[in-house]
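Peer 1: Dropping a prediction and its sequence here:
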Number of protein chains: 2
Amino acid sequence: MIKMAVLGFGTVGSGVVELIDINQEVIRRAVPEGIYVKHILDLREFPDSPYNDRVTHDFEDILNDPEIRIICETMGGKEPAYTFTKKALERGISVCTSNKELVAAFGPELLKTAADNHCSYLFEASVGGGIPIIRPLNECLKQEEITSIYGILNGTTNYIMTRMEEAGLSFEEALKEAQDSGYAERNPEADVEGHDACRKIAILSSLACGKTVRYEDIPCEGISGITKEDFGYARKMGMAIKLLGVMKREKSGLCVRTAPFMLKADHPLYSVRDVFNAVFVHGNMVDDLMFYGRGAGKFPTASAVVSDIMQLAATLGTNLPCVWSAETVSLSDSGQERYRYFVRADKGLQEAAKKNFGQIEYVHSDMSAEDEIAFITPRLTEDEWAKSSTAFGDVISKIRLLSD
Amino acid sequence: MIKMAVLGFGTVGSGVVELIDINQEVIRRAVPEGIYVKHILDLREFPDSPYNDRVTHDFEDILNDPEIRIICETMGGKEPAYTFTKKALERGISVCTSNKELVAAFGPELLKTAADNHCSYLFEASVGGGIPIIRPLNECLKQEEITSIYGILNGTTNYIMTRMEEAGLSFEEALKEAQDSGYAERNPEADVEGHDACRKIAILSSLACGKTVRYEDIPCEGISGITKEDFGYARKMGMAIKLLGVMKREKSGLCVRTAPFMLKADHPLYSVRDVFNAVFVHGNMVDDLMFYGRGAGKFPTASAVVSDIMQLAATLGTNLPCVWSAETVSLSDSGQERYRYFVRADKGLQEAAKKNFGQIEYVHSDMSAEDEIAFITPRLTEDEWAKSSTAFGDVISKIRLLSD
């Protein structure tokens, strides 16, 4: 048996331990000696769990056990996950993780530590839950110049937006429902303000470039300002509103952004509902690809972690290379990115709209209030938008359109 | 430089050679020594091609060149592709291919020859064109019990059906258009009768089982019997008609089938249009996944081949394992598979319909002829369908519904 340890016995960590038990026969088809979780690190005790006798509170117990060949880190957060991961890799113990925060912040450093110590650092579960996306990007698309990535990368916000769209709920109502269903945390900020999606597009963009796209550099907007009236207009136009992580190679350089976008019904991302995620990738040779699946949840995420564990088990003592250097990519001036905007404003601004935005297209909705106008602007750079909208006056809503 | 040879300088073969040139910088990120196509095997000469000086007509030139480490077989058909592949693998030269016919017929044997000779046999491009599906199934989902696969696996038929649906063309008109656009061959039988999709679902099912699903054992229906009137009814029901390769694990065993199916608008396969392909996979832990992209075309397919070449270049002298034994899977009795059927028949059979099929649901369409009825049957086994429909009389159309 290949012996391993799991750090953090929360939703994903317990899913990993259970999945390895439930699917042990399937796993033995590829790893005939089998995989055994010998230690589970957690501060808590789990008296009702059949795995409680494997729980330790001291990471040194794991680090100093020479039988441990693989560590799976499902703690989340930067510390102590970073310290534990670093120490393990320095000892030549391979690590896999679902921790996007750690990967986004320290990915290249931990990959280098792994390479220096003839072991590996894998992070399939850090983006897209159960969807195989990291390995396809990293291994199946190395021959491609990735020219754009559009990702629905956060299941919580996609669930909220699906409920707003389909049941006509307000943001607050849909958020409460998501919290009650366990899809959103009590403190939902990381999800609804786009920070989680932002870390994930940072990881995907870094892999696409082979260098580091810092998530701190990425303009990030969440969905808390989106209203059910916005969905009314979107429906009227046959469009959906989705929170997207976007990477585009433009003449001016690499553009990366997290924001809500309106997209048309014929776009493959349009029908990605509920807690599902999808990553739409364009390569210069392969053209469009999409990877779709459950972006969160105990077993889907655990499945991605276990796929890493199995790859580590098959390659013990070697380093699985990943082209992601610490060199930072300078993002292009986001003020030069061009979009069409959906805009809602007070009816009194009708004349000002034409004057400031040029050829606008009016949009009507059954839900639109008497005293407002809604329209689509021509393609504008972000800077032109800023200038025009300042002269124009207060807008009620503004959402970018995903253009071709 | 890692030296390689390409067998067959047709659409895909020339795409491989060109892609390696066009994206050489990208390729060097992962394979720093670079990849060079030293020989191209083809019976023809290509006086207008810059690669003509690399063309040879004799496979022995390639086999006896000790510099050649990788061979890419893009000839198609069983012979001489089988003989060339076998000889190369026996010499320890790794081979990758886009040849689904060869993989479906000789996959396990060639994989074993590769393993015996410390080299590899890869076939990412044999299913789904540019979509990474073989490697994800083979490497990212080894921890999963794959319980079902539904695939739109043939770009030609999907293009034809999209045109029938969207432009109201007849099958013959859409086929002619596809031929004129280069999407269908002059002899379209392998595509429109479902044989190509059948080979591909055989490959995917074999990988999902780790054993051999023989394509000769798979019930196979094509699309040549589908009419524009069928699409009229489908549209009325908010459904699409797609040619699917289907694998399902049922209590009775493994069911595999190729046939046209009607599916609802909320199914992720519904919006897969034109020459795009998609593979919808359900695993017992990861739940639903979908992989989407261009199922054919020079550069998308070449991209998948080159991804194999790069993996081979990174693992020279070793065998990349693939769990696919020669042991044959006995498919479950297809007569016991249960479906609901969409049926069109002469109006005179209205009473007989109720009598023979029980609780039927009538369907109306703007395109329906005065003298016909259309309805959906309850869930029936194939055997029950056969019995009831024999008693019922001649049907104009019969299409299975993809049920949950």
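Peer 2: Yes, it's here. None of the values given here were measured: they were computed from a predicted structure.
Peer 1: Please save the CA atoms from stretch A:218-230 in PDB.
Peer 2: What follows is stretch A:218-230, C-alpha atoms only, in PDB (Å, rounded to 0.1, in the frame of the first residue of the first chain):
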ATOM      1  CA  ILE A 218      -6.500  41.700 -11.800                       C
ATOM      2  CA  PRO A 219      -9.400  44.100 -11.900                       C
ATOM      3  CA  CYS A 220     -12.100  42.400  -9.900                       C
ATOM      4  CA  GLU A 221     -15.900  43.100  -9.700                       C
ATOM      5  CA  GLY A 222     -18.400  40.900  -7.900                       C
ATOM      6  CA  ILE A 223     -22.100  40.300  -8.400                       C
ATOM      7  CA  SER A 224     -23.600  42.000  -5.300                       C
ATOM      8  CA  GLY A 225     -24.600  45.000  -7.500                       C
ATOM      9  CA  ILE A 226     -26.600  42.900 -10.000                       C
ATOM     10  CA  THR A 227     -30.400  43.100  -9.600                       C
ATOM     11  CA  LYS A 228     -33.300  41.000 -10.700                       C
ATOM     12  CA  GLU A 229     -34.200  43.900 -13.000                       C
ATOM     13  CA  ASP A 230     -30.900  43.400 -14.800                       C
END
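Peer 1: how about that stretch: buried residues?
Peer 2: Buried positions in stretch A:218-230, judged by neighbour count with 16 or more other Cβ atoms under 10 Å in any protein chain shown: A:218-224, A:226, A:228-230. For every residue, glycine as well, the C-beta is placed using N, CA and C.
Peer 1: so which of these would you say is closest to A:R91?
Peer 2: A:I218 (33.8 Å; Cβ to Cβ).
Peer 1: The closest one contacts A:R257, correct?
Peer 2: Yes: distance between A:I218 and A:R257: 6.4 Å, which falls inside the contact criterion (Cβ atoms under 8 Å).
Peer 1: ok so, going back, out of the buried residues of stretch A:218-230, which is nearest to chain B?
Peer 2: Chain B lies nearest to A:K228 out of these, by Cβ to the nearest Cβ, at 21.2 Å.
Peer 1: A:Y183 versus the closest one, what's the distance?
Peer 2: With distances defined as Cβ to Cβ, to the nearest Å, the gap from A:K228 to A:Y183 amounts to 19 Å.
Peer 1: quick revisit: give me the common contacts of A:I218 and A:R257.
Peer 2: Both A:I218 and A:R257 are contacted by A:I201, under the criterion Cβ atoms under 8 Å, 6 or more residues apart in numbering or on different chains.
Peer 1: Run a quick neighbour tally on A:E361.
Peer 2: 12 (other Cβ atoms under 10 Å in any protein chain shown).
Peer 1: measure it to B:P300 for me?
Peer 2: Here the criterion is Cβ to Cβ. By it, A:E361 lies 35 Å from B:P300.
Peer 1: Over to A:K228?
Peer 2: Plainly put, A:K228 is 40 Å away from B:P300 if you go by Cβ to Cβ.
Peer 1: And for A:L380?
Peer 2: According to Cβ to Cβ, A:L380 stands 34 Å off from B:P300.
Peer 1: Looking only at neighbour counts, state which of those two leads.
Peer 2: Using other Cβ under 10 Å as the criterion, A:L380 and B:P300 rank with B:P300 on top: 28 against 19.
Peer 1: looking at this, that one is in a strand?
Peer 2: No: the assignment for B:P300 (DSSP: H, G, I helix; E, B strand; the rest coil) gives helix, which keeps it out of a strand.
Peer 1: Identify the residues contacting it.
Peer 2: With contacts defined as Cβ under 8 Å, 6+ apart, B:P300 is in contact with A:285-287, B:129-130, B:293-294.
Peer 1: Now which of those residues would you call buried?
Peer 2: Buried residues within these, counting neighbours by 16+ other Cβ under 10 Å: A:285-287, B:129-130, B:293-294.
Peer 1: Among the residues you listed, which are located in helices?
Peer 2: Among the buried ones among the contacts of B:P300, no member is found in helices (DSSP state H).
Peer 1: would you list the residues you listed in JSON lines and tack on distance to A:L7 and pLDDT?
Peer 2: Supplementary listing: the buried ones among the contacts of B:P300 in JSON lines, determined by distance: Cβ to Cβ, whole Å; pLDDT from 0 to 100:
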{"residue": "A:M285", "distance to A:L7": "40", "pLDDT": "98"}
{"residue": "A:V286", "distance to A:L7": "37", "pLDDT": "98"}
{"residue": "A:D287", "distance to A:L7": "40", "pLDDT": "98"}
{"residue": "B:G129", "distance to A:L7": "40", "pLDDT": "95"}
{"residue": "B:G130", "distance to A:L7": "38", "pLDDT": "96"}
{"residue": "B:G293", "distance to A:L7": "36", "pLDDT": "98"}
{"residue": "B:R294", "distance to A:L7": "41", "pLDDT": "96"}
